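In: After the sequence you'll find the predicted model.
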Amino acid sequence: QLQLVESGGGLVQPGGSLRLSCVASGFTLDYYAIGWFRQAPGKEREGVSCISTSGGKYADSVKGRFTISRDNAKNTVYLQMNSLKPEDTAVYYCAAVRAMCSIDPNLHFDSWGQGTQVTVSS
């Protein structure tokens, strides 16, 4: 059974940093693309970043501030978030798909995590 568990969320001041983790179990990341998505209250889920063996991509809103990486030995994908802004406040989810890297939340993903809350506020 494919399972993903996110962690690392929390409360941070504007300009601060957080690192989110997405740990996979029941499958190996080697053959999957992992995407990070977020959903703020009253808003639709949006894609943030994704990574696969062929590289990664970022939403324009986070380019230059967020960095995605993967450690296949630990079956974990990370999202390093720097220079955080209040508009980054959301529940962040990771999702896995055995296909090309995508940050379109409307596409099919094989598994979703339960989410981790990120709040950026002074």
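Out: Great, that's in hand.

In: is it fair to say residue 35 lies in a helix?
Out: No - using DSSP: H, G, I helix; E, B strand; the rest coil, the assignment for residue 35 is strand, not a helix.

In: Just give the nearest non-adjacent residue to it, would you?
Out: residue 50 (3.9 Å; CB to CB, 6 or more residues apart in numbering). Placement of C-beta: from N, CA and C, glycine included.

In: do residue 43 as well
Out: Among residues not flanking residue 43 along the chain, residue 90 sits closest, at 7.8 Å (CB to CB, 6+ apart).

In: what does stretch 44-59 rub up against?
Out: Stretch 44-59 is contacted from outside by 30, 32-39, 62, 66, 68-70, 77, 79, 92-93, 100-105, using CB atoms under 8 Å, 6 or more residues apart in numbering.

In: Just the buried ones out of the residues you listed, please.
Out: For the contacts of stretch 44-59, a neighbour count by 16 or more other CB atoms under 10 Å gives the buried set as 32-38, 62, 66, 68, 70, 77, 79, 92-93, 101-103, 105.

In: Just the pLDDT for the residue nearest to residue 43.
Out: With respect to pLDDT, residue 90 scores 98.

In: I'd guessed it sits against residue 39; true?
Out: Yes - shown here, residue 90 and residue 39 form a contact pair, counting by CB atoms under 8 Å, at 5.6 Å.

In: Buried residues, stretch 41-48. List them.
Out: 47, 48.

In: Need the distance between the two termini of that stretch.
Out: Taking CA to CA, to the nearest Å, stretch 41-48 runs 16 Å from one end to the other.

In: centre of the chain versus it, how much separation?
Out: 12 Å (CA atoms, centre = their mean, to the nearest Å).

In: repeat for stretch 102-117
Out: 9 Å.

In: Export only the CA atoms of it, formatted as CSV.
Out: The C-alpha coordinates for stretch 102-117 follow below in CSV (Å, rounded to 0.1, in the frame of the first residue of the first chain):
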residue,chain,number,x,y,z
SER,A,102,3.5,17.4,-12.7
ILE,A,103,2.2,20.2,-10.4
ASP,A,104,-1.3,20.0,-11.8
PRO,A,105,-3.5,19.0,-8.8
ASN,A,106,-6.3,17.9,-11.2
LEU,A,107,-4.2,15.0,-12.6
HIS,A,108,-4.4,11.6,-11.1
PHE,A,109,-1.9,10.8,-8.4
ASP,A,110,-1.5,7.3,-6.9
SER,A,111,-1.2,8.5,-3.3
TRP,A,112,-1.6,11.6,-1.3
GLY,A,113,-0.4,12.4,2.2
GLN,A,114,-2.5,13.8,5.0
GLY,A,115,-0.9,17.3,4.9
THR,A,116,1.0,19.5,7.2
GLN,A,117,0.1,23.0,8.2
